[in-house]
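# Okay, sequence plus prediction incoming.
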Amino acid sequence: MNDPLRDLQQMSAFLGELTNSLAVTRDILPQRSEGADRTGSVTVVLDQEDLPLSIVVADGWRQRLSPGALGGAAVEAGQAAAVDRLSIWQQDAGQAAWEAVPDRLPGDDAAADAGATTAPDLTLLIGDVSQVDPRPLEVLAEDVLTALDRAGAPSVPVQGRGSDEAGHVTVVLSRGGLVTCDADERWAAASGTAALNHALAAALSKARTELAAAVRSAKEEAGTGTDAMLREALALLADPGKLRNS
């Protein structure tokens, strides 16, 4: 027979281990990384979230790259920068951090240990649950099942799109990094490198701003859904008396 309290203890222990492991992996990754396309015409610098900080075209790029291939070269450079950043996993520190990430819920013995010791601090992950007033378990369980049904539906990708004032260059970002970079071929062929880089910087800035707003919106929506239900479940775990009375 399932024991809801034991299940919550298992989940709490797992989330605590996962939070600690992910914090370690984040700390060992470089804050910035840089990559270039195969011709060396475009260089992209990424931040710690794999989002471009800059997209820069080198002088003399037309000798190595056609105007129509400029956008694809920018995406290629972004991918190269991401690969360079993740190359840390090939080092000993990266391997040790990766192996420390739990890949399954703890067993019954671990759950018993979790119940006998102080619960892990999950405040950084889900916030303070001390003031959360959880609903009865059966109501919460029904909402969880409904949320799982919704999770199977196609989701709208969270993206940010930006263009320069004249609309010559358009950059699209997702939370995973640079998605596309499009430049008007005729304009790029006739423009100087400085003008091209200025347009790229303007488009990138607007795309980052729009992506940040889209991410905030998605988090606010999640805050009224799965995140809120997780906080309720952990509030029940923090006060088992509420679970017995629910």
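Received, thanks.
# Now stretch 133-153 - C-alpha only, CSV.
Extracted in CSV, the C-alpha atoms of stretch 133-153 (Å, rounded to 0.1, in the frame of the first residue of the first chain):
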residue,chain,number,x,y,z
ASP,A,133,-1.4,26.6,3.5
PRO,A,134,-1.8,23.4,1.5
ARG,A,135,-5.1,22.1,0.3
PRO,A,136,-6.3,18.6,1.3
LEU,A,137,-4.2,15.8,-0.2
GLU,A,138,-7.0,14.5,-2.4
VAL,A,139,-7.7,17.9,-4.0
LEU,A,140,-4.0,18.4,-4.6
ALA,A,141,-3.6,14.9,-6.1
GLU,A,142,-6.5,15.6,-8.5
ASP,A,143,-4.8,18.9,-9.7
VAL,A,144,-1.5,17.1,-10.2
LEU,A,145,-3.2,14.6,-12.4
THR,A,146,-4.8,17.4,-14.4
ALA,A,147,-1.5,19.1,-14.8
LEU,A,148,0.1,15.9,-16.0
ASP,A,149,-2.6,15.7,-18.7
ARG,A,150,-1.8,19.2,-19.8
ALA,A,151,1.9,18.5,-19.9
GLY,A,152,1.3,16.1,-22.8
ALA,A,153,-0.2,18.9,-24.9
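# That one: which residues count as buried?
Applying a neighbour-count criterion of 16 or more other CB atoms under 10 Å, one finds Pro134, Arg135, Leu137, Leu140 buried in stretch 133-153. Every C-beta, even on glycine, is put in place using the N, C-alpha and C of the backbone.
# what residue ranges in this structure score low on pLDDT?
Scanning the chain for pLDDT under 70 picks out 1-28, 88-130, 148-155, 221-227, 237-246.
# For Leu173, see how far away Asp50 is.
According to CB to CB, to the nearest Å, Asp50 stands 10 Å off from Leu173.
# So which of those two has more stuff around it?
Leu173 (27 against 20; other CB atoms under 10 Å).
# Now tell me what touches the host helix or strand of the more buried one from outside.
Per DSSP states H and E: Leu173 is located in strand 169-174. If you take CB atoms under 8 Å, 6 or more residues apart in numbering as the criterion, strand 169-174 is touched by 51-52, 55, 157-163, 178-184, 196, 199-200, 202-204, 206-208, 211.
# what does stretch 64-71 give?
For stretch 64-71, using CB under 8 Å, 6+ apart, the contacting residues are 37, 39-42, 57, 61, 73, 180-183, 185-186, 188-189.
# What about those, which are in helices?
Under the assignment DSSP state H, the contacts of stretch 64-71 contribute Ala73, Glu185, Arg186, Ala188, Ala189 to helices.
# Number of residues surrounding the fourth one?
Meaning Ala188. 22.
# ditto for the first one
Neighbours of Ala73 under the rule other CB under 10 Å: 25.
# Now do the buried residues in stretch 214-222.
Applying a neighbour-count criterion of 16+ other CB under 10 Å, one finds Ala214, Val215 buried in stretch 214-222.
# Return the alpha-carbon coordinates of it using PDB.
C-alpha atoms of stretch 214-222 as PDB (Å, rounded to 0.1, in the frame of the first residue of the first chain):
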ATOM      1  CA  ALA A 214       8.700  35.800 -22.200                       C
ATOM      2  CA  VAL A 215      10.600  33.800 -19.600                       C
ATOM      3  CA  ARG A 216       9.200  35.900 -16.800                       C
ATOM      4  CA  SER A 217       5.700  35.400 -18.200                       C
ATOM      5  CA  ALA A 218       6.200  31.600 -18.400                       C
ATOM      6  CA  LYS A 219       7.500  31.500 -14.800                       C
ATOM      7  CA  GLU A 220       4.500  33.500 -13.600                       C
ATOM      8  CA  GLU A 221       2.100  31.100 -15.400                       C
ATOM      9  CA  ALA A 222       4.000  28.100 -13.900                       C
END
